[in-house]
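Asker: here is my input, please return the structure:
(2 chains)
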Amino acid sequence: MLLIHCPYCNETLPELEFTYAGQAHVVRPEQPSGQSDEQWEEFLFIRANVRGPHYERWRHFHGCGRFFNAVRDTVSDKFLTTYEADAPRPDLSSLTERQK
Amino acid sequence: MNAPVSSFTSGALVETSAARISKAPAIGRLSLRARGDLAPFDAALGVGLPLSIGQRASVDGTEILRLGPDEWTLTTPVPRTAQIEAAFAEIYEAHPHSLVDISGREVTFEIEGAQAAELLTLGCPRDIETILPGQGRRTVFDGVTVVLWRDAEDRFRMDVWQSFAPHVLALLDTGCRELAAQSH
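Answerer: Numbering: from 1, shown residues only, chains lettered A, B, ... in the order given. Predicted structure coming up:
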């Protein structure tokens, strides 16, 4: 079972307390009505499907209830980091450096 | 699975040499969501809201547990709920928040005995030992969200939503008897 660090509870807890919530940093357009069909398609459906470190959202469902972001390697299933939902996207090179 | 609420009588429900499960008497429960400056809420309650997740505070029979960054649950004797609601209504204009009476939503099971902590490991994936006596957490028990209060090394309270309670109790019942059988 994966152990996931919740940045709000500041505890590392079993995966079963969490739910996955898709790719992170997908920004909703400020003027939705000004979007073309292609741009909407991009926003709603097109995801990166990364092989390697993936920025994604998780929710501490059976706990504090908060959504937060994580960087997980989709090959090894290892979490590189987790961070609060409104925090800036962490730099990937510093994360992979820390793993070594 | 659709047992009515009244099927739980207050008092002991299961009792073996491993642990004893009983249903706690009815109690007032309030859910508080607030953010920003917490001082006015502390003043209205008469005690500081606990500042980190899992910590508890208590005043005059009211217990407060922090569940999340902006969420607390309060348990209190039933007549106190109206007083707390009135005190919070007074500060609502200046400090918007949400205070909801959830007394009817949950039942509380009291779990005590030498193997109480081990019994909880049957449905709870997290390490029970990380919940210290005097703390509490919202966690999961066999797929059901529960609030677990640890009152002492071998004494817990578990708040469960009414509709899940028969399922949770059935597992606790089986576990109690299994643990008792193992120790013979």
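Asker: which residues touch B:F109?
Answerer: The neighbourhood of B:F109, defined by CB atoms under 8 Å, 6 or more residues apart in numbering or on different chains, consists of B:L13, B:I21, B:S22, B:K23, B:A24, B:R157, B:M158, B:V160, B:A165, B:V168, B:L169, B:L172. Bear in mind the C-beta positions are built from the backbone N, C-alpha and C, glycine included.
Asker: now the buried members of those residues.
Answerer: Neighbour counting with 16 or more other CB atoms under 10 Å in any protein chain shown marks B:L13, B:I21, B:S22, B:K23, B:R157, B:M158, B:V160, B:A165, B:V168, B:L169, B:L172 as buried within the contacts of B:F109.
Asker: let me know the closest of these to B:I84.
Answerer: For these, the minimum distance to B:I84 (CB to CB) is 19.8 Å, reached by B:R157.
Asker: show me where pLDDT drops low in chain B?
Answerer: Counting by pLDDT under 70, chain B shows low-confidence ranges at B:1-7, B:184.
Asker: can you name the residues of it that neighbour chain A?
Answerer: Contacts of chain B with chain A, taken as CB under 8 Å from any CB of the partner chain, map to B:52-54, B:67-69, B:71, B:125-126, B:130, B:137-140, B:145.
Asker: identify, from those, the entry nearest to A:D73.
Answerer: Using CB to CB as the measure, the one of the residues of chain B next to chain A that approaches A:D73 most closely is B:P125, at 22.6 Å.
Asker: confirm the closest one sits in a helix?
Answerer: No - under DSSP: H, G, I helix; E, B strand; the rest coil, B:P125 sits outside any helix and is assigned coil.
Asker: which residue packs closest to A:Q23, ignoring adjacent ones?
Answerer: Leaving aside its chain neighbours, A:Q23 sits nearest to A:R47 (5.0 Å; criterion: CB to CB, 6 or more residues apart in numbering or on different chains).
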